[in-house]
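Asker: Here is my input; please provide its structure:
(one chain, ligands or ions: 1)
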Amino acid sequence: GTNRETIRTGLSEESIRAAFLDNLFYLQGRFPEVATLNDQYKALAYTVRDRLLHRWVATTRAYQKANPRTVCYLSAEYLPGPFLGNNLLNLGIEEPTRRALAGLGIELDALLEHEEEPGLGNGGLGRLAACFMDSLATLQVPAIGYGIRYEFGIFDQVIRDGGQVETTDNWLRFGNPWEVRRPAIAYDVRIGGYTEQTTDAQGRFGVRWVPNEVFNGIAVDTAILGHGVNTVNLLRLWTAEAAEGFDFHAFNRGDYYGAVVREVRSETISKVLYPNDEPEIGKRLRLLQQYFFVTCSLQDMIRIHRTTGQPLDKFHEKFSVQLNDTHPAIAVAELMRLLVDEHQMGWDAAWEVTRHTFAYTNHTLLPEALEKWPIPLFQNVLPRHLEIIYEINARFLDEVRLRHPFDTARVQRMSIIDEAPPRFVRMAHLACVGSFAINGVAELHSRLLKETVLRDFFELWPEKFQNKTNGVTPRRFVMLSNPGLSRLLTRTLGAGWARDPSQLRVLERHADDAAFQQEWREVKRSRKEALAARILDRCNVSIDPDSLFDVQAKRIHEYKRQHLNVLHIVTLYNRIKFNPGLDITPRTFIFGGKAAPGYAMAKLMIRLINAVADVVNRDPDVAGRLRVVFLPNFSVKLGHGLYPAADLSEQLSTAGKEASGTGNMKFSMNGALTIGTLDGANVEIREEVGADNFFLFGLTAEEVVRTLAEGYRPWDIYNANLELKGVIDLIASGHFSHGDRTVFQPLVDHLVWHDNYLLLADYAGYIACQEQAGLTYRDSRQWTRMSILNVARMGKFSSDRTIAEYCRDIWRAEPMAVDV
Ligand SMILES: CCc1ccc([C@H](C)CC(=O)N[C@@H]2O[C@H](CO)[C@@H](O)[C@H](O)[C@H]2O)cc1
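Answerer: Just a heads-up that it's a prediction; the model follows:
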């Protein structure tokens with residue numbers, strides 16, 4: 001006789017079971033005997049969603065009442081991962097739910113496995129946004145995440161004949177129980193057209209923008225529940241629709257295409273995620289996507305602000321808006337347009353509000369990744385914004401000239417407009433001029449930003465520059481992904497570590513305790529066995545859980561140097577071929593990662609990994625001492641099984657190229673040791689865990705610059721290092737490509753003649769460091785000690801610490817408890 005109340009909100013096994021059966025019947029129209037896996041999953045998802053909803057409503061009500069300062073995160077990408085497991089964890093009902101379902105003969109893990117994840121991002125930047133949303137809610141900071149609800153996310157990767165094949169990510173085919181469509185929250189999005197001067201009744205000059213196309217942005221909301229709190233923050237993603245859908249008149253004229261063309265054109269805006277993690281110049285749809293979600297988000301913030309009754313010139317006191325890289329940077333011009341054109345604010349007053357509203361995070365130093373839009377395209381899509389940007393730029397350059405008279409070169413370098421034909425809008429410059437804070441995502445990266453790509457801006461505004469070293473949420477990446485480790489930590493330290501990871505330090509005193517070490521190894525072992533089972537099932541490759549699991553999982557990119565990892569594998573292979581009795585530490589090399597579809601060298605790197613795997617895995621001389629696996633379709637969900645099972649985490653980027661990295665943190669938090677360069681957050685991980693507990697190799701960022709500046713000749717290294725020459729020649733010989741010497745020629749040629757990312761320069765150091773790691777692994781007492789110390793000292797890399805710093809130093813936002 002559970003009453004209505006508990007069926008919707010009860011957290012007990014009984015009420016969850018009752019609610020599940022209720023939803024299976026009333027929402028899925030099924031009874032248990034005929035329910036499909038998807039029916040069961042949806043019924044459970046709605047059951048869990050119900051238990052979020054009253055917290056969601058309570059949070060919204062509390063925010064309306066208290067009108068707190070609110071953080072708005074503008075990101076073109078979010079990689080939240082599957083929701084069910086994380087919501088069960090944050091509600092603290094995983095066990096009662098598992099029992100409730102078991103009572104009906106249903107495996108919770110089967111439903112967790114069934115869930116499609118929203119792949120609305122490419123990699124690090126998108127996942128960081130999701131970790132930030134988890135920490136903002138867990139720290140009870142009022143926040144809204146704004147983005148795009150792509151109908152098709154990052155492609156699904158299939159490996160066919162050793163190569164990557166992209167297939168459409170139809171993640172919404174079964175619907176999405178976690179989202180709530182808000183048709184009443186819709187905004188006009190104007191595109192193209194022209195502008196004209198106007199004078200209003202009082203004779204005041206203004207500008208009218210006459211667009212040649214208008215469509216709508218509709219809000220689709222997802223609840224983001226914090227861990228162990230009542231706070232539910234909003235992830236508001238915009239979907240595009242035609243202002244007027246079906247054109248009946250066209251239909252009556254028999255012009256059926258005409259009847260639907262507007263619908264099709266507008267829907268295209270939020271149809272698909274751009275699968276590249278570096279910009280492609282001049283993609284009109286990409287600019288449309290960026291403007292689309294920015295204007296809907298700013299219009300939504302202005303609507304919320306007006307409900308508080310506060311005047312618009314206090315907008316920046318209500319909202320702090322973070323620009324997640326330059327992708328939303330058009331927001332600086334759009335807020336000016338809304339304040340000046342739509343709300344008749346004077347330019348100066350509007351600029352005061354704007355420059356105190358935005359803060360900008362840079363996520364990459366790669367020059368080719370800094371977005372700039374050709375002016376003709378910009379003029380065509382956003383004519384009014386171009387005028388506003390010209391005005392912002394004119395006033396900005398006046399300030400630069402004041403500070404640096406006669407320094408025309410500096411003025412040209414700093415201008416938001418790149419005068420090189422066809423002339424471009426530099427989005428990073430617009431972001432810097434329109435923001436009160438600019439930050440990098442790791443100490444080294446933030447320093448290099450000030451010394452290189454944003455040096456001029458640092459010299460002009462040193463007070464704007466900050467560092468905010470990235471972090472990851474320990475909820476998804478330890479508690480959810482590694483419950484065995486989580487239980488061992490809680491039994492040893494109490495449960496406080498999940499909310500305050502600095503408590504992990506207490507583990508140091510257990511690092512040499514034999515019994516604890518044994519438990520520690522069993523936790524890792526069980527995850528390695530689970531991953532081995534998954535790899536056997538997915539890739540039909542059997543791997544030995546006793547071997548050293550050596551893992552590199554991240555987007556495929558030359559600066560991340562997956563091919564340096566392959567050079568090590570072929571080196572070991574050659575050593576075995578040369579001396580079959582060689583006593584090496586058995587290793588299993590596991591790769592995961594997608595390549596941008598248009599990035600030929602990255603796709604060739606995937607081909608090389610699979611080609612080497614084919615040969616090494618069935619070469620009798622190797623006799624199982626080496627195994628190579630490319631795990632297809634790396635995603636947040638696949639990461640759940642990978643991070644806890646790794647012994648060694650590969651962080652091989654050329655120093656100065658990886659802004660931070662976040663996978664490095666997830667591996668280390670799960671007890672993997674890191675082999676890496678002094679790049680990005682590796683530097684700080686090594687500082688925290690101790691140099692003795694980190695396998696370091698490679699040139700430093702300064703040495704990289706010097707080596708390239710002094711004229712780098714990889715050919716000489718190739719010829720001087722016989723083992724390296726043997727490795728490269730074997731690849732070039734076609735040994736891994738059925739004798740076909742042409743397949744990997746481009747990669748080999750690039751290495752020995754250009755090697756922009758200094759693989760050959762770092763090769764010898766890397767191989768020696770790997771030998772060290774292999775030897776250390778044999779001393780399991782020493783290895784386990786290092787593993788325990790790594791976890792003990794990873795507290796800094798919780799995204800809670802990162803978010804607390806953003807709140808203190810940039811957003812000036814305070815936590816606000818919510819009672820239900
Ligand atoms: C326009 C295409 C595009 C898409 C994404 C990006 C991102 C900036 C790439 C990215 O994901 N950067 C990664 O951001 C992480 C979070 O801060 C860092 O940890 C990684 O080092 C950085 O490569 C650039 C260009």
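Asker: Residue 741 should be in a strand, yeah?
Answerer: No: read with DSSP: H, G, I helix; E, B strand; the rest coil, residue 741 is coil and lies in no strand.
Asker: Might you report the residue contacts of it?
Answerer: 732, 733, 734 (C-beta atoms under 8 Å, 6 or more residues apart in numbering). Every C-beta, even on glycine, is put in place using the N, C-alpha and C of the backbone.
Asker: what sits opposite residue 157 in the beta ladder?
Answerer: Beta-bridge partners for residue 157, by DSSP bridges, are residue 166.
Asker: how many other residues sit next to it?
Answerer: Counted with other C-beta atoms under 10 Å, residues neighbouring residue 157 total 22.
Asker: Please apply the same query to residue 528.
Answerer: Residue 528, neighbours per other C-beta under 10 Å, totals 22.
Asker: right, and it touches residue 645 too?
Answerer: Yes: assessed by C-beta atoms under 8 Å, residue 528 is found in contact with residue 645 at 4.8 Å.
Asker: Spell out which residues are contacts of both of these two.
Answerer: Shared contacts of residue 528 and residue 645, counting by C-beta under 8 Å, 6+ apart, come down to residue 549.
Asker: Could you double-check that residue 541 lies in contact with residue 618?
Answerer: No: look at residue 541 against residue 618 with C-beta under 8 Å: they stay out of range, at 10.0 Å.
Asker: And residue 358, how close does it get to residue 673?
Answerer: Remark: distance between residue 358 and residue 673 (C-beta to C-beta, to the nearest Å) = 40 Å.
Asker: so how far is stretch 732-743 off the chain centroid?
Answerer: Distance of stretch 732-743 from the chain centroid (C-alpha atoms, centre = their mean, to the nearest Å) equals 36 Å.
Asker: how about the nearest residue to residue 547 once chain neighbours are set aside, what does it touch?
Answerer: Closest residue to residue 547 apart from its sequence neighbours, by C-beta to C-beta, 6 or more residues apart in numbering: residue 586 at 4.0 Å. For residue 586, the contacting residues are 544, 546, 547, 548, 624, 625, 626, by C-beta under 8 Å, 6+ apart.
Asker: which among these end up buried?
Answerer: 547, 548, 625, 626 (16 or more other C-beta atoms under 10 Å).
Asker: higher neighbour count, residue 541 and residue 618?
Answerer: residue 541 (18 against 9).
Asker: hmm, back to that, could you pick out which of the contacts of residue 586 are located in helices?
Answerer: Here DSSP state H is the test, and the contacts of residue 586 give no hits in helices at all.
Asker: about what we covered before: of the contacts of residue 741, closest to the ligand?
Answerer: residue 732 (30.2 Å; C-beta to the nearest ligand atom).
Asker: Quick check: the closest one touching residue 743?
Answerer: No: using C-beta under 8 Å, residue 732 makes no contact with residue 743, being 9.9 Å away.
Asker: any chance of the contacts of residue 741 in a markdown table, with neighbour count too?
Answerer: Converted to a markdown table, those look like this (neighbours: other C-beta atoms under 10 Å):
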| residue | neighbour count |
| --- | --- |
| 732 | 20 |
| 733 | 14 |
| 734 | 16 |
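Asker: can those residues go into JSON lines with extra columns for pLDDT and distance to residue 412?
Answerer: Shown next, in JSON lines, are these (pLDDT from 0 to 100; distance: C-beta to C-beta, whole Å):
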{"residue": "732", "pLDDT": "98", "distance to residue 412": "45"}
{"residue": "733", "pLDDT": "98", "distance to residue 412": "50"}
{"residue": "734", "pLDDT": "98", "distance to residue 412": "50"}
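Asker: JSON lines please, covering those and showing distance to the ligand and secondary structure.
Answerer: As requested, the contacts of residue 741 are arranged in JSON lines below (distance: C-beta to the nearest ligand atom, whole Å; DSSP: H, G, I helix; E, B strand; the rest coil):
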{"residue": "732", "distance to the ligand": "30", "secondary structure": "helix"}
{"residue": "733", "distance to the ligand": "34", "secondary structure": "coil"}
{"residue": "734", "distance to the ligand": "34", "secondary structure": "coil"}
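Asker: Now the residue nearest to residue 768 when sequence neighbours are not counted: phi and psi?
Answerer: Ranked by C-beta to C-beta, 6+ apart and with sequence neighbours excluded, the top spatial neighbour of residue 768 is residue 697, at 7.2 Å. The phi and psi values for residue 697, taken as degrees, to the nearest 10, are phi -150, psi 170.
Asker: again, but for residue 618
Answerer: phi -120, psi 20.
Asker: mind checking pLDDT for it?
Answerer: At residue 618, the model reports a pLDDT of 96.
Asker: Same check on residue 449?
Answerer: Looking at residue 449, its pLDDT reads 98.
Asker: any idea how far it lies from residue 660?
Answerer: Applying C-beta to C-beta to residue 449 and residue 660 gives a distance of 12 Å.
Asker: which of the two has more neighbours?
Answerer: Applying other C-beta under 10 Å to residue 449 and residue 660 shows that residue 660 carries more neighbours, namely 28 against 22.
Asker: picking up where we left off before, can the buried ones among the contacts of residue 586 go into TSV with extra columns for pLDDT?
Answerer: Putting the buried ones among the contacts of residue 586 into TSV (pLDDT from 0 to 100) gives the following:
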residue	pLDDT
547	98
548	98
625	96
626	98
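Asker: From those, pick the one nearest the ligand.
Answerer: residue 548 (25.5 Å).
Asker: my guess is the closest one contacts residue 649, does it?
Answerer: No: assessed by C-beta under 8 Å, residue 548 is found out of contact with residue 649, at 11.7 Å.
Asker: hang on, residue 368 is in a helix, isn't it?
Answerer: Yes: Residue 368: assigned to a helix according to three-state DSSP.
Asker: quick one, helices of the stretch 201-350 of the chain?
Answerer: Under the criterion DSSP state H, counting those that start in this stretch, helices of the stretch 201-350 of the chain are mapped to 248-252, 256-268, 284-307, 315-318, 331-337, 347-355.
Asker: Just the CA trace of the fourth one, in CSV.
Answerer: Extracted C-alpha coordinates of helix 315-318, given in CSV (Å, rounded to 0.1, in the frame of the first residue of the first chain):
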residue,chain,number,x,y,z
PHE,A,315,23.2,42.1,-15.5
HIS,A,316,26.8,41.3,-14.7
GLU,A,317,26.0,41.3,-11.0
LYS,A,318,23.6,38.5,-11.5
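Asker: What is the distance between it and the centre of its chain?
Answerer: Distance, stretch centre to chain centre, for helix 315-318: 28 Å (C-alpha atoms, centre = their mean).
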